[in-house]
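J.: prediction below, plus the sequence it came from.
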Amino acid sequence: MPVKTREMASPGFHRALAAHQAAAPVSRVDPTMAEAVERQARAMRELRLRAFPEPEPVAEDQPAPIEQARTERRRQADASRAAALYRARAERAQRTGAGRPPAPAPHRTAAPTIPVSAVKARVGTAATGL
């Protein structure tokens, strides 16, 4: 048995449906309730914006925040690698009896502000593919 749709209905159904739609009120929403709902929605939007402010737009020439984080991680990794190489060379120099290398810069918890090229030059290694 085929499925009946509204288009396949009898002409009497279509007349009854049209009469019902003409007699039904357009809006059954209480205006005071609609106003209260709108006030509540507005208050929720304001609270959301206060709790989760919109991020500042990033200029075209500025890197995206994720790119800044990656760059910072690379700098920290390069500084850590440079310090590890320095320590390894110092330990090797002590074992072989060679002179002591110059003292390293004091350890900092923040990322170094020296460029990566300077770190590579101090360590004496080739580019690491950054």
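T.: Alright, I've got the coordinates.
J.: okay, now the unreliable bits of this structure?
T.: Across the chain, residues meeting the criterion (pLDDT under 70) sit at 1, 26, 58-59, 63, 98-130.
J.: who does the lengthiest helix in the chain touch, helix- and strand-wise?
T.: Counting residues, the longest helix found in the chain (DSSP state H) is helix 65-96. Taking 3 or more CB pairs under 8 Å, 6 or more residues apart in numbering; DSSP states H and E as contact, the helices and strands that helix 65-96 lies on are helix 116-123. For glycine as for every other residue, the C-beta is placed from the backbone atoms N, C-alpha and C.
J.: report the central residue of this structure.
T.: Here the mean C-alpha position of the chain is nearest to the C-alpha of I66 (CA atoms, centre = their mean), at a distance of 6.8 Å.
J.: so how many other residues sit close to R75?
T.: Counted by other CB atoms under 10 Å, the residues lying close to R75 total 19.
J.: how much space separates it from A69?
T.: Distance, R75 to A69, using CB to CB, to the nearest Å: 11 Å.
J.: one more: R42?
T.: Applying CB to CB, one obtains 35 Å for the distance of R42 from A69.
J.: could you do A24 as well?
T.: When distances are taken as CB to CB, A24 and A69 turn out to be 57 Å apart.
J.: for those two, indicate the residue with more neighbours.
T.: Neighbours per residue (other CB under 10 Å) separate A24 from A69, with A69 holding more: 11 against 8.
J.: now for the residue nearest to the centre of the chain: which residues touch it?
T.: If a contact means CB atoms under 8 Å, 6 or more residues apart in numbering, then I66 has no contacts.
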